[in-house]
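[1] Next come a sequence and a model predicted from it.
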Amino acid sequence: MGSSLPPKEANLFKVIVKSYETKQYKKGLKAADAVLKKFPEHGETLSMKGLTLNCMDRKSEAYELVRRGLKNDLKSHVCWHVYGLLYRSDREYREAIKCYRNALKIDPDNIEILRDLSLLQAQMRDHTGFIETRQQLLTLKPNHRMNWIGFAVSHHLSSNVSKAIDILEAYEGTLEDDYPPDNERYEHGEMLLYKISLLEECGLLKKALEEMHKKEAKIVDKLAYREQMASILVKLGCLEEGEKIYRSLLFMNSDNYRYFIGLQKCLGLYSEKGQYTSDEIERLDAFYKSLKEQYSWSSAVKRIPLDFLEGDNFREAADCYVRPLLTKGVPSLFSDLSPLYDHPGKACILEELFLQLEDSIRMTGSFPGRTRKEPPSTLVWTLLLVSQHFDRRGQHAIALAKIDEAIEHTPTVIDLYSVKGRILKHAGDLAAAASLADEARSMDLADRYLNSECVMRMLQADQVGFAEKTALLFTKDGDQHNNLHDMQCMWYELASGESYFRQGDLGRALKKFLAVEKHYADMTEDQFDFHSYCLRKMTLRAYVSMLKFQDKLHSHEYFHKAAAGVIRCYMKLHDFPIRATTEEGDEMSRLPPSQRKKLRQKQKKAEARAKKEADEKTEEETSSSTSKPGKRQHTRSVDVDPHGEKLLQVEDPLLEATKYLKLLQNNSASSLETHILSFELNMRKQKILLAFQAVKQLLKLDENNPDCHRCLVCHPESFNMPKAKCSGYFHGLSGHAFSQIRFFHKVSSFPAPVTDSAILIWNVLEAELPNISQLHGKSLNVINQSFLEKHKDSLMHRAAAAEMLLVLEPEKKLEAIKLIEDSPNKLAPVNGALGPVREWKLEDCIAVHKLLKTVFINENAASRWKARCAEYFPYSTYFGGCRSSAVAFSVNHNVQNAPENGVLAYQETKSEESHSLNGKLQAFKDLTI
C-alpha cells in the first residue's frame, strides 16, 4: 500500500489507514489531503479518502473519489478492496463480491481481502464460494485456529457434516496434549461440544458418546454437556443412564419442561400428540405424584399432569393447582390454563370447578372442604378467573357481570379493567374497550405494558391520533415518531397499518407495512457482524442456530402480516387508482404514453437532483457538527414523505405487489392466505396458469375451507376482463372442489383463444382437469348443491354456496339470499353451567353482512341480517347492539353512519355525560404528552 509514494508520503498513507481503523476520521482526512497536495491523482490515497468520507456520511463525495482513484490505478488491489468496502457499507453485497474478486486477481494471497470475501459469501449463503475461500485462508495460515473452524463451518452449512467432522479432527491432531491453556478452555470446550453435535447430527451416536466421555474434562459448560449426553443416551436406547442424568438436571432446575419430557421418554411414557392409554395415564399420574413429593416447590410438576389427566382425576389436580394461585393473586392464571380449553370436556370441568370455588368463597369465605378463611382478595381473583373463562366460551354477558362485581369489590386492581376491556373487545365494542384500557393505563402511568395495551385497543378502534399520542409517552425526547421506528415496534406499525387500511388511507397504511418489512431487512443485515465474531469467540452452536433462524426469518407471523397488507394495499390501489386532482396531473393524463413516460423521467431526475442537494446540505451540517476527533453527532434523516403519498405514485401497483407475493410464496407456502392473495393478484394480471396453480395449492391445503371458496368468487367485471365470448367453452367442466368450479366459471368468461400462447394455456387447463376432479360429468350447479348439503349447518359454508349460486345463476339472487338467511344459529355442544353458547362468531356475521351489502347489493337483506345479529351480539357496535356504546352515543349525538369496522370515531365530539354500561366513552382530546 502506498508503495509508489516517496517515504514521507508513504508514512502519511499509513497514517490514513491507521486513522480509518481507529475511527479517527478527521486525522485521516488531514493526512490524505497532505498526500494529495503533492500527488493529486494518486489512486490509493483518493480511494482511502473516499472511504473515510463515507464513514462521515458524505457518500456522494466518497463514491466520486473512490471511482476516480480506481480509474487512476486499475491494477491496485487497494482501490478494488476499498470499492468493495464502499459497496458493502451500502449493503450492495453482490457488487462488493465482484470488487473483492477483482482485487484477488491482482493479489490472490491477501488475507484481509479473503477474509472480507468469506464474510460476504456467508451472508449471501454462497456455500460453494465460502468453502473455497475458507480453504484458501487455511492454506495460507494453517496455524490460525479461526481458519480451521471457519473451514469446518463452511462444510457444515453446505450440508457436508462428515467433512466438517474430519476437519475438526484434523485440527485437534495439530494440538499438543496439554492444550488448551487456561485462558482458552471455554473456547476449546465450545468447539468440542460443536463437534459432538455434528456427530449426533450425522447419526454417529456411539462415537459422539465416546467423544463425550473422552473429552469431559476439557468441556467447561457442564450444563450443556449433561443435556447433550442425556439426548444421545435416549437416542441410543440407554434409558436408565439417561433417566439418571435427567433426574440430576431436574434437581438443578425443576421447572424446565424439556427435562420432564426427557424423563418421560426414558420411562416410555411420552407421546408427541399427547394421546395416552388409560394404563399410561395411571403410570404418568403416579410418576408425577412422586416428583411432586420431591419437588413440592415446582410449578411445572403440578401443571404438566393437567394436560393428560381426565375426568375426576383432572378436576382434583386442577383444584389443587388453582387454589394456591388464587390465594396468592396471580393475574396470569387463566393464560396458563387456556391451552386446556382445546382438550375435549376439560372446559366444562373447569367451569364447574370455578363456579364451586366462587360459591364457597362467597358463602363461607373459604375453599370447599377447608375451614381456614381466605383473604378478601381471593374472591376478586376468583371472579377475574371466572370472567375470563366465560369470555373464552363466548358468554360475554356473564363475563361482564362477573368482572363488574370484581371491580365493585376492589376498584383499585388494574388487571380488572384490562380484562374488562378485553371482554368488550371480544364482544365487539372496540370503542368501550379502548376507553377501559385508557382507564387502566391512567391508574399506573409508569407501566409500559398498560400503555402498549391501551395503544393497541385504540388502534383497533381506529383512534389512530390518540394512539400515537399515547404511544409517544414512552419514547425519548426529540423525533418521537422515528423513535418508535428505531425501536422496531412492529406490533404498533402493523396495527396502525391495518387501521389506516380500514379507513381507506392507503398511503399511510403502505408506509406502516413497509416499515415492518424494513425491520426484517435490518435483521437480515444484522447477522453480518456475527460471521467473524462467532468464529473468533467459538460460539459455534449458537452461530449455526442463528443462521438457520435467519434462513426462516421471513416466515415469521409479523412479516407475513406486513407483506399481506402491502399486497392488499396495492391491489386496492389497482382497483381504485388515485386520480390526478391538479391541473398538471390532468395535463399528464391527456398526454400519449411515450410523452408521459418522458415527463415522468424528467420529474424523477429533478427529484434526484433535489435529493442530492439535500444530502449535500446534510453532509455540510454533519461536518460542521463534528465535535471531537473521530466522533460526530448523530443526525437523523428527515422523512420527506410522512403520509406515504409518494408510495401511491407507482406506475404498476400489481408489479409491486408481486414482489411481496413471491416472498410469501417462498416463506409461507403453508398459509391459505398466501395462495388466496396469489389467486386474486394473478387474476387481476390475467395470469391464468399462475392463478390455477394457486387454486391447486388451496385444494391441497384445505379444499373445504369456506374462506378459500369465498375469496375465489370473482366476476369478470371486477378485473376489467372481457365478457364471455365462449360461455360454453368450460361451463361443462366439473371438479370436486369449490375453488375449481369458480376458477373455471371465471375462465369461461374469457374470449376464445386465438394466439398460440392462449391455446397452450387452454390445453394445459384441459389436461389438468382429470388430475383434480372427482365428480366427472356433473354440472357446476349440482356440485354447488352437493357442497351445500355437506356443510348445511355452517354459516360460512352456506354463505359461500349462496355466493356461488349468484355467480352461476344471477337470476336466483333472492334464493341465494334466502339460503343465507335460513342459516341456523345452533347451540354449541358444550353444556355450559350458566347458559347456552351459540355457534356463530361475530367476525363471521360481519363478513356475511358485508357480503349481502357489497356482493348481493341488497340493502333490505343487509338490514334484516344486521337486526338479527344485533340480538345475538348485543355489545357489538358494528350491528348496533342494544348494550353497545354505539347505541348510547347515537341516542345522544344522532349518529347515522357507522364506519367499516363498526367503531365510532370520537375525535370531533366530547361529552362528559356520555356513558354506557361498558365503561367511560369520551374523547381523548385532552391527552397530552
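    That came through fine.

[2] contacts and neighbour counts: CA atoms only from here.
    Will do.

[3] so who does residue 429 touch?
    875, 876, 877, 884, 885, 903 (Cα atoms under 8 Å, 6 or more residues apart in numbering).

[4] That one and residue 436: what is the separation?
    Applying Cα to Cα, to the nearest Å, the value for residue 429 to residue 436 is 11 Å.

[5] Helices of the stretch 201-350 of the chain, residue ranges please.
    205-214, 222-236, 239-252, 257-266, 278-294, 300-303, 305-308, 311-328, 333-337, 346-364 (DSSP state H, counting those that start in this stretch).

[6] Please dump the ones you listed into JSON lines; it should also carry mean pLDDT, mean neighbour count and distance to residue 869 for every row.
    Formatted as JSON lines, these follow (pLDDT from 0 to 100; neighbours: other Cα atoms under 10 Å; distance: least, Cα to Cα, whole Å):
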{"stretch": "helix 205-214", "mean pLDDT": "93", "mean neighbour count": "16", "distance to residue 869": "62"}
{"stretch": "helix 222-236", "mean pLDDT": "94", "mean neighbour count": "17", "distance to residue 869": "55"}
{"stretch": "helix 239-252", "mean pLDDT": "93", "mean neighbour count": "18", "distance to residue 869": "53"}
{"stretch": "helix 257-266", "mean pLDDT": "93", "mean neighbour count": "19", "distance to residue 869": "44"}
{"stretch": "helix 278-294", "mean pLDDT": "92", "mean neighbour count": "15", "distance to residue 869": "44"}
{"stretch": "helix 300-303", "mean pLDDT": "94", "mean neighbour count": "19", "distance to residue 869": "39"}
{"stretch": "helix 305-308", "mean pLDDT": "93", "mean neighbour count": "19", "distance to residue 869": "36"}
{"stretch": "helix 311-328", "mean pLDDT": "94", "mean neighbour count": "16", "distance to residue 869": "36"}
{"stretch": "helix 333-337", "mean pLDDT": "94", "mean neighbour count": "14", "distance to residue 869": "29"}
{"stretch": "helix 346-364", "mean pLDDT": "93", "mean neighbour count": "18", "distance to residue 869": "26"}
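
[7] In JSON lines: those, plus distance to residue 665.
    Listed next are the helices of the stretch 201-350 of the chain as JSON lines, based on distance: least, Cα to Cα, whole Å:
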{"stretch": "helix 205-214", "distance to residue 665": "37"}
{"stretch": "helix 222-236", "distance to residue 665": "35"}
{"stretch": "helix 239-252", "distance to residue 665": "41"}
{"stretch": "helix 257-266", "distance to residue 665": "33"}
{"stretch": "helix 278-294", "distance to residue 665": "42"}
{"stretch": "helix 300-303", "distance to residue 665": "39"}
{"stretch": "helix 305-308", "distance to residue 665": "35"}
{"stretch": "helix 311-328", "distance to residue 665": "43"}
{"stretch": "helix 333-337", "distance to residue 665": "33"}
{"stretch": "helix 346-364", "distance to residue 665": "38"}
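
[8] Give the buried residues for the helix or strand where residue 87 lies.
    Using DSSP states H and E, residue 87 falls within helix 77-89. By 16 or more other Cα atoms under 10 Å, the buried positions in helix 77-89 come out as 77, 78, 79, 80, 81, 82, 83, 84, 85, 86, 87, 88.

[9] Kindly report the same for stretch 97-111.
    Those would be 97, 98, 99, 100, 101, 102, 103, 104, 107, for stretch 97-111 by 16+ other Cα under 10 Å.

[10] got a list of what the fourth one touches?
    The reference is to residue 100. By Cα under 8 Å, 6+ apart, the contact set of residue 100 is 80, 81, 84, 113, 114, 117.

[11] Distance check, it against residue 76.
    12 Å.

[12] Next: the third one.
    As judged by Cα to Cα, residue 99 and residue 76 stand 11 Å apart.

[13] Nearest residue to the middle of this protein?
    Against the mean C-alpha coordinate of the chain, by Cα atoms, centre = their mean, the closest residue is residue 558 at 1.9 Å.

[14] Regarding that residue, what is its secondary structure?
    Secondary structure of residue 558, reduced to three states by DSSP: H, G, I helix; E, B strand; the rest coil: helix.

[15] I'd say it and residue 490 touch.
    Yes: with contact defined as Cα atoms under 8 Å, residue 558 counts as touching residue 490 (7.4 Å).

[16] Residues in contact with both of the two, list them for me.
    With Cα under 8 Å, 6+ apart, residue 558 and residue 490 have common neighbours residue 516.

[17] Can you name the residues that contact residue 124?
    residue 93.

[18] For it, report the pLDDT, please.
    pLDDT for residue 124: 93.

[19] Look up how far residue 100 lies from it.
    Taking Cα to Cα as the measure, residue 124 falls 14 Å from residue 100.

[20] cool, and residue 84?
    6 Å.

[21] Kindly report the same for residue 575.
    46 Å.

[22] Give me the helix or strand of this protein that scores worst on average pLDDT.
    Ranked by mean pLDDT, DSSP states H and E, the helix or strand of the chain with the weakest confidence is strand 915-916, at a mean of 36.

[23] Quick check: buried residues in whichever strand or helix holds residue 531?
    Using DSSP H and E, residue 531 falls within helix 530-537. Neighbour counts over helix 530-537 (16+ other Cα under 10 Å) mark 530, 531, 532, 534, 535, 536 as buried.

[24] From residue 122, how far out is the third one?
    The gap separating residue 532 from residue 122 is 10 Å, by Cα to Cα.

[25] swap in residue 67?
    27 Å.

[26] now swap in residue 507 and tell me
    Per Cα to Cα, residue 507 is found 37 Å from residue 122.

[27] Ok, residue 681 next?
    Residue 681 is 35 Å from residue 122, by Cα to Cα.

[28] just residue 343 next, same as before
    Note on residue 343: its distance to residue 122, by Cα to Cα, is 45 Å.

[29] what does residue 97 give?
    11 Å.

[30] likewise residue 98?
    From residue 98 to residue 122 the distance is 15 Å (Cα to Cα).

[31] show me where the stretch 51-200 of the chain has strands.
    With DSSP state E, counting those that start in this stretch, there are no strands along the stretch 51-200 of the chain.

[32] Show me where it has its helices.
    Taking DSSP H, counting those that start in this stretch, the helices of the stretch 51-200 of the chain run over residues 59-72, 77-89, 93-106, 111-123, 127-140, 145-157, 161-173, 185-202.
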